[in-house]
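In: Provide a 3D model corresponding to the input given below.
(one chain, ligands or ions: 2)
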Amino acid sequence: MTQQTVAMLGTGKMGEAVLAGLLRSGRSADRLLVTVRRPARGAELTEKYGVTVVTTAEAAERADVLAIGTKPQDAGALLDEIRPSLAPGKLVVSLCAGLPTSFFATRLPEGTPVIRVMTNTPALVGQAMTAISPGAHATDEHLAVAEQMFTPLGATVRVPESQQDAVTALSGSGPAYFYLIAEAMIEAGVLLGLPRQVAHELIVQTAIGSATMLRDSGDHPVKLREAVTSPAGTTIAAVRELEKHGVRAALLDALEAARDRAREIAGQAL
Ligand SMILES: NC(=O)C1=CN([C@@H]2O[C@H](COP(=O)(O)OP(=O)(O)OC[C@H]3O[C@@H](n4cnc5c(N)ncnc54)[C@H](OP(=O)(O)O)[C@@H]3O)[C@@H](O)[C@H]2O)C=CC1
Ligand SMILES: O=C(O)[C@@H]1CCC=N1
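Out: Ligands and ions are numbered 1, 2, ... in the order given. Now for the predicted structure:
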């Protein structure tokens, strides 16, 4: 399959992570266009990645794939800019949390194929988790184009669009939860008297080791946790505190809140 030209419309934290991931995976910079709201941001992206900054109209004309990387709240205004210049056959790929493909379809020319993806910032290091859902006019060929775009950035999975708000709560926001836990564990190390840098190194390597075992062993997390938890040992003393403080229930509530917020964002944008 030939490399398509991808335009990232709205290149902030997530757009940049995808852009960097695409370049890192071997896509050439001359197949990548970006649009920005502020010229200084455009200059920064060109200097860092060698990509071309274009107007929204140029992106709509030149790119095969238009990736929407604005905040959901800014997507409507962007679509108003795209609509007059969008030629038939262009694929629109939304990175936006909450917004259904119908949000895009109703604001773009009839028949425009739209794919909704939920990816995450580890795209920067080739470890993204991307969930892909086709909208009304997206064919298997369009899905293949989206997969060709995101597979080099990490893992991909196809999900029904109805599951995308849940996906957003789990893997879209997921890195933030792991960083929060890492931050808290490093603080605990400081509380226990370790130098901050040592605590940082211990927790980062422990996170990498644990994540690698989770992925590579194929074992359920319960089995891996039990293997660490010696009878009358140290781990069970900590686990008792975590359970006492409701960490499990907090995570259930937290992810439900994230899912609900995705729905609310959609409700506000429609
Ligand atoms: N951050 C994350 O981890 C994830 C984010 N997402 C989704 O990705 C999208 C972007 O999020 P994030 O990167 O965090 O947000 P940012 O605010 O960092 O990025 C959005 C970018 O869009 C730019 N922008 C807004 N309107 C326009 C326009 N009309 N033309 C060109 N550029 C425009 C903004 O410019 P300016 O700099 O002027 O504000 C900004 O650079 C959201 O929809 C979010 O739901 C999905 C998964 C994970
Ligand atoms: O916080 C957000 O809304 C975005 C979507 C998923 C991760 N970050």
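
In: Could I get the buried residue list for the helix or strand hosting Val198?
Out: Assessed by DSSP states H and E, Val198 sits inside helix 196-217. Neighbour counts over helix 196-217 (16 or more other C-beta atoms under 10 Å) mark Ala199, His200, Ile203 as buried. All C-beta atoms are positioned from the backbone trio N, CA, C, and that covers glycine.

In: quick one: whichever helix or strand comes after that helix to helix 196-217, angle?
Out: Next helix or strand after helix 196-217 toward the C-terminus (DSSP H and E): helix 221-228. Computed by axes from the mean of the first three to the mean of the last three C-alpha atoms, to 10 degrees, the angle separating helix 221-228 from helix 196-217 equals 130 degrees.

In: Run through who's touching helix 221-228.
Out: By C-beta atoms under 8 Å, 6 or more residues apart in numbering, the residues outside helix 221-228 that reach it are Ser210, Met213, Leu214, Ser217, Thr235, Val239.

In: Redo these as a markdown table? Include pLDDT.
Out: Below are the contacts of helix 221-228 laid out as a markdown table (pLDDT from 0 to 100):
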| residue | pLDDT |
| --- | --- |
| Ser210 | 98 |
| Met213 | 98 |
| Leu214 | 97 |
| Ser217 | 96 |
| Thr235 | 98 |
| Val239 | 98 |
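
In: now, the most widely separated pair of the residues you listed?
Out: Ser217 and Val239 (19.9 Å; C-beta to C-beta).

In: before we move on, back to that, from the buried residues of helix 196-217, which is closest to ligand 1?
Out: Of all the buried residues of helix 196-217, Ile203 has the smallest distance to ligand 1: 21.1 Å, by C-beta to the nearest ligand atom.

In: Local confidence estimate at that closest one?
Out: In this model, Ile203 is scored at 98, pLDDT.

In: what's the answer for the one 4 residues further on, then?
Out: The confidence metric pLDDT takes the value 98 at Ala207.

In: what pLDDT, on average, does stretch 136-146 get?
Out: Here stretch 136-146 scores 96 as its mean pLDDT.
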